[in-house]
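K.L.:
kindly return the folded structure for what I paste below:
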Amino acid sequence: MGFYEDNQTALFERLLKPYMERLYRLAYRLTHDKAEAEDLFQDVLTKVFGRLDELAELRDPGPWLNRVLYNQFVDHRRRYARQRLRTVEEGQLPAQSIESLADKPGGAPDSEHLLNIRTLQTALDQLSDEHRTVVLLHDAEGYKLEEIHRITGDPVGTVKSRLHRARSRLREILGSDGTFS
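P.N.:
As a prediction, the model looks like this:
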């Protein structure tokens, strides 16, 4: 590798390091699958490396990076929707990885904790992609409405409306005690 490539790699690492964990977490929350999240994350890193000059000019690259990831996710979903469905045997299905998210500090997750996480995930899975994305970005990741607007490209009013509808739908799905109604 030459001097220019070394500098480019160092710049890339310096610019992205503060955002890597949050970017991967968003990829996982959108895909619900570790392998798919890793693929999405890798695709985004590859795409962003090619746009390093643009990234270096940004004052706050976080929303821009999230938008690139979100757009890549949407593009992937559209391509996937056009593919033919194939049947697979149960033994070929990947193991659920939600348990890895449920780990509590200092030990293994208890069954009630896992049940709550699975219940919430099942409820989130019943939302449309747009509603689930807004809820995850706002309520789970802590993004403000304006930041979600920059990530998704949707007007702030649309983001507010989707967030309100998504929360209402979650209340319908989940009973007052946190179980399904």
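
K.L.:
next secondary structure element downstream of the strand or helix carrying residue 116?
P.N.:
Residue 116 belongs to helix 111-125 when assigned by DSSP states H and E. Of the helices and strands lying after helix 111-125 in sequence (DSSP H and E), the nearest is helix 129-135.

K.L.:
for the record, mean pLDDT for the helix or strand following that following helix?
P.N.:
The C-terminal neighbour of helix 129-135 among helices and strands, as given by DSSP H and E, is helix 145-152. This predicted structure assigns helix 145-152 an average pLDDT of 89.

K.L.:
can you tell me what sits against helix 145-152?
P.N.:
Around helix 145-152, the neighbours that count as contacts under Cβ atoms under 8 Å, 6 or more residues apart in numbering are 62-64, 66-67, 70, 133-134, 137-138, 143, 154-156, 159-160, 163. For every residue, glycine as well, the C-beta is placed using N, CA and C.

K.L.:
for the next helix or strand after it, which residues meet the burial criterion?
P.N.:
Secondary structure here is assigned by DSSP H and E; on that basis, the next helix or strand after helix 145-152 toward the C-terminus is helix 156-173. Judged by neighbour count (16 or more other Cβ atoms under 10 Å), helix 156-173 contains these buried residues: 159-160, 162-163, 165-167, 169-170, 173.
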